[in-house]
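Kindly return the folded structure for what I paste below:
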Amino acid sequence: MLQVTESAVENLKEYLKKNNINSPIRVVMQSSCSGTNLGLLLDDKKDSDKVFEEGGVTVLVDDAIFATTGSIIVDYNKPSSCGCSGENGNGGFSISSEKKLSRVGSCSTGSCGC
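Numbering: from 1, shown residues only. All right, here's what the predicted structure looks like:
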């Protein structure tokens, strides 16, 4: 139901160590005018969570999210000098789901700053 790639585990561990953080990572659904996306944040375990241990990193996912997303993959894209990977070539975490997430809303009005 959740796959965290080796590259993502390595980069999560590096971030947590560098910032002296001892907290689980949570996969969350975020909605904006451009649609629904998956993201990561630091959080404490809740009763409704499924807990995954991946290479020494604890990842939390609220059990209800899987009904909307299906399987989830957390990956890390390395920085690229050509601008091909991540925003402006900076790389970063990529969270994808088996099921297509809704694309509700529009930025055509410009009101959301997109």
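
Against Ser48, how distant is Phe93?
Distance of Phe93 to Ser48, given as Cβ to Cβ, to the nearest Å: 23 Å. The way it works is simple: take the backbone N, C-alpha and C, and place the C-beta from them, glycine included.

quick one, which of those two is more surrounded?
Higher neighbour count among Phe93 and Ser48: Phe93, with 20 against 11, using other Cβ atoms under 10 Å.

Who are the contact partners of that one?
8, 11, 40, 74-77 (Cβ atoms under 8 Å, 6 or more residues apart in numbering).

Same check on Glu98?
Applying Cβ under 8 Å, 6+ apart to Glu98 gives the contacts 69-72.

Tell me the one among those nearest to Leu60.
Ile72 (11.6 Å; Cβ to Cβ).

Got the phi and psi for the closest one?
Main-chain dihedrals, Ile72, degrees, to the nearest 10: phi -120, psi 140.

now it, which residues is it bridged with?
Under DSSP bridges, the beta-bridge partners of Ile72 are Leu2, Ser97.

ok, and the closest non-adjacent residue to the residue nearest to the spatial centre of the chain?
Nearest to the geometric centre of the chain sits Gly39, at 3.3 Å (Cα atoms, centre = their mean). Computed as Cβ to Cβ, 6 or more residues apart in numbering, the closest residue to Gly39 that is not its neighbour in sequence is Gln30, at 4.8 Å.

Buried residues of the strand or helix carrying the one you found, list them for me.
Assessed by DSSP states H and E, Gln30 sits inside strand 25-32. For strand 25-32, the neighbour count (16 or more other Cβ atoms under 10 Å) marks 25-27, 29 as buried.

before we move on, back to that, what angle do the helix or strand containing the residue nearest to the centre of the chain and strand 25-32 make?
Following DSSP H and E, one finds Gly39 within strand 35-42. With axes from the mean of the first three to the mean of the last three Cα atoms, to 10 degrees defining the directions, strand 35-42 sits at 150 degrees from strand 25-32.

Give me the buried positions along strand 35-42.
Buried, per 16+ other Cβ under 10 Å, within strand 35-42: 36, 38, 40.

Am I right that Leu38 is in contact with Lys99?
No. Look at Leu38 against Lys99 with Cβ atoms under 8 Å: they stay out of range, at 11.1 Å.
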